[in-house]
Every structure is written in structure tokens, then in C-alpha cells.
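> Build me a model:
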Amino acid sequence: MDDINVLHHRCLLNLRRRIRDIGDGRPAQERYMRLQKDGDTLSYQGNSEEVGCYVAGHPLSKGNCYFEVTIVDTGVRGTIAVGLVPKFYRLDHQPGWLPYSVAYHADNGKLYNGNPVGKQFGPKCTRGDRIGCGIHSENTEAGLTTVFFTKNGREVGSVEVPLSSEGLFPAVGMHSMGEEVKVDLRAEWLLEEDDTVMVVDSHEDDWGRLNDVRVSGMLLEYVGKGKSIMDVGLAQARQPLTTRCHYYEVEIVDAGEKCYIALGLARRDYPKNRHPGWSRGSVAYHADDGKLFHGSGVGDAFGPRCFKGDIMGCGIMFPRDYSLDGEGSADVEAWDRPEDRPGPDAVQNVLYLNGEEEEEEEEEEEIAQEQQGRKVTVFFTRNGKLMGRRKVAVPPGGLYPTVGMLSSGEKVKVDLHPLSG
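Prediction:
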């Protein structure tokens, strides 16, 4: 009898909710603070010290289980959060900070699940990216629901969160001047179709690591601050050069403010905030001064400077019968292992570390000694003409195509397989 009463009670609650949502034809009341709303566009109106938050009028449901937010402008800090919150969530807090809320934060790629301290979850998001949030399933008996997040149509991950009696409402938070987004509360997420689109239209999977660089097809665009040498944007390919794929090219589409563009090769765990060529295990041709940097912050005169429209190339002349361990079958999952990521101590610049430069030179010599017979000739081209060569020791795992950028507006078009026909 108790079970029947419980079932009856749930039916009444659902009926009341539907009646409340339909009401007299008027839309449910959405709430927002320190934000300006113009149609489906939200823009931050605070002073960058206070959070602005938007909460939709309807919770997600089985019939409407997903929504998306497109970042129009990241503003000063890009502190944009997308997630789900209870109906009467406090509008002076970012989604995810308070209990019974969860959110994916664009500025650091972290997931905040009812706690102001986030956990690493996915990639950072910047201007033009679409962040999606939806519900996979509900376990009403356990009072839980599975919430998932997407970036540009591809699932990033999911998490179980408590299910409140009122449901979970789409929410967007912002926290710095200039931030602006477009909200689509009726978006649909189709896994198979989106995956197909990504394979055809995007080359993001070609890249193992991206830092302050946005991928759009074959185009790489610098999206960092560009204010100091610590603001390097780095893109490193997922696979190293091999005897079957030994050359790649970069066309300068936009030189930006300073044309601080570099292309070269680097070890897999290369520091994300250093230009290729600056640290050990790397070599690179720099467009702004035409110098070659080989594991040092001091470059050697090498070739002419490069400008908009120039095509820079980099390749390896492998010795006959050369074979790289595991060639062509690099461990893709290794990119996601924490031990393969540079730690905080690695985020420095060799130009200001005289002692470290000497240590790196010693380490480079040790690596070269350990790998006798595993040296290759790296060459660089400009507009199809050979600029020069340099003997380089191959680090464990091989040498990965690596592109660096450092000034606002820089864009390059990368062809990782120009010789494939």
C-alpha cells in the first residue's frame, strides 16, 4: 500500500510540474544578475570582481536533455562556466561552486561539482568553442543523475550528481569584463553524426597537445595573452616524424603583431610554455629573426626571416635502414597520463636560467652519448628551398612536429602530410 501511495505521489508531482510549466502560456521565469541578455546572447556587466550568473526557466528533462553555449568573446580572463544548478541557485556564485550544482569551466578546463575547488576534467575552451551540457540518465531511486559535457560536439566526460526535487536548470556564469556567449537551450547532441563531422571537418585529433592555440581545420590560431615570453602558445602533433612521414610544412597566414612563429621538432614531454628550440630535446627555425634554436635560448644565424605567405618546412633525413622504436604506433593514450605532462617546475624560460642552460647542455650531451647511432639530420625549408641542416639526437619516443606562437593575431596553416599526395 505504501508503494502505491509513493507512486501516486510521484505522478501528482509530475502532473503539477507539467501544469506549472505550461501555465497560462507565459514562458517560465529565467533569472540572471550582472549580465545583459539580448535574445540568446549573454554579456557580462559586472566589474570583474563579482560573478554574474544566468539560470534558465526550465530544467533539463527527457524531452529536452541538452543545451549548448558558444563563446563569442572570452573577455579579460575567459572565466566562463557552463553547467546545471538548482532552481533557486545564488546568482553571485559560479555554477559548480555550491552544493547540488555542477559546471565545466572554460578558463582552466576543470569540473566544479558542488565545490569551489575544481578537478582537472577537459581542455580549456576559448572564443568560438561550443560547450555543451546534458543528462544521460536518471537514477531516481538513488537520487542521482549522470551529467555529461561536450566541447565542439564531442563528449569530454561525465559525472554523477545529486538530483534535486525541482530538477537541474541550465546555467552560465561569467566573471570578467568583455565576456559574451550565445545560449541554445534547444540544442541537440547526436553522437554519431557529430563524430562524423569532426572526422571530416576538424584536424584537432592530429594534435597531442595544444596550449593557447585553437585548431580550425588545418588552421592554428594563437589565442594567448602575448604579453611576455611565458605566454608561448604551443601545438605538438600526436605522432612523431617517421621514415614513412618525415616532413611537414607551415604556411604563415597572418604574421600577427611580431611574427613570433617557430616550427621544428621536439620531444614528447616538451614544456608547453617554451618556444620549440629553446629547451633540450628540440630544434626549430624561428620566423621573426631567421635563427635556428637547438636546445638553447640563444639562436644561430641560419636563414632569412619569414613573413605572411611564406611556407616553412621541417623534416628528417633518416639514415638507411633506420627504425624508430614503435614507429607508427605511438601510444595515443600516453598523452593523457599525468606523468607525461610537464610539471610546474618545467614552465620556465631558459633565457633567464643561466644555470639551467648549462645543466640542459650537459643533459643533451648525456642523451647524445646514450644514443650513439641514433642521430638524424633535421632540415628546414622556406618556400620549397632548403635552408640548412642540423644533426640532432633522437630522444626516446622520437621527434614530434611542434609549432610555437607568441604574439596576438598569429595564424598558420599546417600540413602534417604534404608529401602524401
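> Might you report the residue contacts of the closest residue to residue 384 other than its chain neighbours?
With sequence-adjacent residues excluded and distances taken as CB to CB, 6 or more residues apart in numbering, residue 384 is closest to residue 311, at 7.2 Å. Placement of C-beta: from N, CA and C, glycine included. Applying CB atoms under 8 Å, 6 or more residues apart in numbering, we find residue 311 in contact with 249, 250, 251, 252, 381, 382, 383, 384.
> Please name the bridge partners of residue 311.
residue 251 (DSSP bridges).
> how near is it to residue 413?
Distance from residue 311 to residue 413, counting by CB to CB, to the nearest Å: 9 Å.
> between those two, what contacts are shared?
250, 251.
> which residues touch the residue nearest to residue 144 when sequence neighbours are not counted?
Among residues not flanking residue 144 along the chain, residue 160 sits closest, at 4.8 Å (CB to CB, 6+ apart). The contact partners of residue 160, by CB under 8 Å, 6+ apart, come to 139, 144, 145, 146, 147.
> mind listing the helices for the stretch 301-421 of the chain?
Assigned by DSSP state H, counting those that start in this stretch, the helices in the stretch 301-421 of the chain fall at 354-370.
> Apologies, that question was intended for the stretch 51-200 of the chain.
191-201.
> For it, which segments count as strands?
In the stretch 51-200 of the chain, strands defined by DSSP state E, counting those that start in this stretch lie at 52-55, 66-74, 81-85, 102-105, 110-113, 119-120, 130-139, 144-151, 154-162, 169-174, 179-184, listed in chain order.
> In the stretch 151-300 of the chain, where is pLDDT below threshold?
Residue ranges of the stretch 151-300 of the chain with pLDDT under 70: 190-204.
> how about a cut-off of 80?
164, 189-205 (pLDDT under 80).
> Can you flag the buried ones in the contacts of residue 311?
Among those, those classed as buried by 16 or more other CB atoms under 10 Å are 249, 250, 251, 252, 381, 382.
> and the gap between the fifth one and residue 415?
Separation of residue 381 from residue 415 (CB to CB) stands at 13 Å.
> what residues are shared contacts of the two?
residue 249.
> Now do the contacts for residue 387.
Contacts of residue 387 by CB under 8 Å, 6+ apart are 285, 302, 303, 304, 379, 380, 381.
> Next, the contact list for the residue lying closest to residue 110 once chain neighbours are set aside, please.
Leaving aside its chain neighbours, residue 110 sits nearest to residue 118 (3.2 Å; criterion: CB to CB, 6+ apart). Residue 118 makes contacts with 96, 105, 108, 110, 111, 112, as judged by CB under 8 Å, 6+ apart.
> same thing but at 6 Å, please
110, 111, 112 (CB atoms under 6 Å, 6 or more residues apart in numbering).
> do residue 219 as well
Per CB under 6 Å, 6+ apart, neighbours of residue 219: residue 413.
> Now residue 284: closest residue in space, sequence neighbours ignored.
The shortest distance from residue 284 to any non-neighbouring residue, by CB to CB, 6+ apart, is to residue 264 (2.7 Å).
> typo on my end, it should be residue 125
Nearest non-adjacent residue to residue 125 (CB to CB, 6+ apart): residue 106, at 3.9 Å.
> So that neighbour sits against residue 80, correct?
Yes: with contact defined as CB atoms under 6 Å, residue 106 reaches residue 80; the gap is 4.3 Å.
> Farthest-apart pair in the contacts of residue 311, please.
By the measure CB to CB, 252 and 384 form the most distant pair in the contacts of residue 311, at 14.5 Å.
> Check the gap between the residue nearest to residue 125 and residue 58 for me.
For residue 106, the distance to residue 58 - CB to CB - is 24 Å.
> Sitting in strands, which of the contacts of residue 387 do you find?
Among the contacts of residue 387, the members falling in strands (DSSP state E) are 285, 379, 380, 381.
> Kindly indicate which of those lies nearest residue 322.
Distance to residue 322 across the ones in strands among the contacts of residue 387 (CB to CB) is lowest for residue 379, with 15.1 Å.
> for that closest one, what are its contacts?
Contacts for residue 379 (CB under 6 Å, 6+ apart) come out as 315, 389.
> going forward, begin numbering at 55 instead of 1
Got it, first residue is 55 now, which makes that one residue 433.
> coming back round to it: can you check my assumption that the residue nearest to residue 338 lies in a helix?
No: secondary structure of residue 318 (DSSP: H, G, I helix; E, B strand; the rest coil): strand, not part of a helix.
> Now do the contacts for the closest residue to residue 356 other than its chain neighbours.
Counting by CB to CB, 6+ apart, residue 356 lies nearest to residue 346, which is 3.7 Å off, once chain neighbours are set aside. Contact analysis of residue 346 by CB under 6 Å, 6+ apart lists 339, 353, 354, 356.
> mind checking how far the residue nearest to residue 438 is from residue 136?
In terms of CB to CB, residue 365 sits 39 Å off from residue 136.
> how about the strands in the stretch 255-404 of the chain?
261-265, 267-270, 273-276, 287-291, 301-309, 316-320, 336-340, 345-348, 354-355, 365-371.
> Turn those strands into a markdown table, including distance to residue 461.
Listed next are the strands of the stretch 255-404 of the chain as a markdown table, based on distance: least, CB to CB, whole Å:
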| stretch | distance to residue 461 |
| --- | --- |
| strand 261-265 | 15 |
| strand 267-270 | 13 |
| strand 273-276 | 7 |
| strand 287-291 | 10 |
| strand 301-309 | 8 |
| strand 316-320 | 12 |
| strand 336-340 | 12 |
| strand 345-348 | 16 |
| strand 354-355 | 22 |
| strand 365-371 | 16 |
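> how about the ones you listed, which one is nearest residue 208?
Across the strands of the stretch 255-404 of the chain, closest to residue 208 is strand 267-270 (CB to CB), at 12.4 Å.
> Now that closest one: buried residues?
267, 268, 269.
> so which of these comes closest to residue 456?
Checking the buried residues of strand 267-270 one by one against residue 456 (CB to CB), the nearest turns out to be residue 267, at 11.0 Å.
> Quick check: beta-bridge partners of that closest one?
Beta-bridge partners for residue 267, by DSSP bridges, are residue 276.
> Touching, it and residue 286? I think so.
No: between residue 267 and residue 286 there is no contact under CB under 6 Å: 9.7 Å.
> what number of residues lie near the residue lying closest to residue 315 once chain neighbours are set aside?
The shortest distance from residue 315 to any non-neighbouring residue, by CB to CB, 6+ apart, is to residue 341 (4.3 Å). Residue 341 has 29 neighbours, counted by other CB atoms under 10 Å.
> I appreciate the help and will end here.
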